[in-house]
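Asks: A predicted structure for the sequence below; I have some questions about it.
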Amino acid sequence: MDIQNDVCTLQDFVVDSENVIRDIQSNQRPVMVTSDGEPGVVIIPAEFMSTKFKALKAICDLSPV
C-alpha cells in the first residue's frame, strides 16, 4: 500500500468522495480511509475484490478437508 496514494482522511473522503471513488475505480487499488489518524475502513474496487474471492475459492477447492 502506497501511503501517499492509497490513504485518505475521512474529512477528505467526505469533501471529495466522488473523485476518491473515481480514482479507486480507475487505479483498481484499495484505499484506506483514516479517522483521527487511525485506520477506519478500506474501500476496495468491486473487480479487485471479485478477482481475490475467485482466487481464494480456487485455493480452498484445492485444499484437502
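Replies: Perfect, thanks for sending it. Note that this is a predicted model, so its numbers are computed, not measured. Residues are numbered from 1 along each chain as shown.
Asks: So which residues of this structure form helices?
Replies: 3-6, 10-27, 46-62 (DSSP state H).
Asks: which of those helices is buried the deepest?
Replies: The highest average neighbour count among the helices of the chain, using mean count of other C-beta atoms under 10 Å, belongs to helix 10-27 at a mean of 13. Glycine gets a C-beta too; all of them are placed from N, C-alpha and C.
Asks: Now for Met49: which residues touch it?
Replies: By C-beta atoms under 8 Å, 6 or more residues apart in numbering, the contact set of Met49 is empty.
Asks: pLDDT score for it?
Replies: If you check Met49, the pLDDT there is 84.
Asks: ok, now Lys52?
Replies: 84.
Asks: which residues are contacting the lowest-mean-pLDDT helix or strand in the chain?
Replies: One helix or strand of the chain scores below all others by mean pLDDT, DSSP states H and E: helix 3-6, with a mean of 75. For helix 3-6, the external contacting residues (C-beta under 8 Å, 6+ apart) are 27, 29-32.
Asks: would you list the helices of the chain in JSON lines and tack on distance to Glu38?
Replies: Below are these laid out as JSON lines (distance: least, C-beta to C-beta, whole Å):
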{"stretch": "helix 3-6", "distance to Glu38": "14"}
{"stretch": "helix 10-27", "distance to Glu38": "10"}
{"stretch": "helix 46-62", "distance to Glu38": "23"}
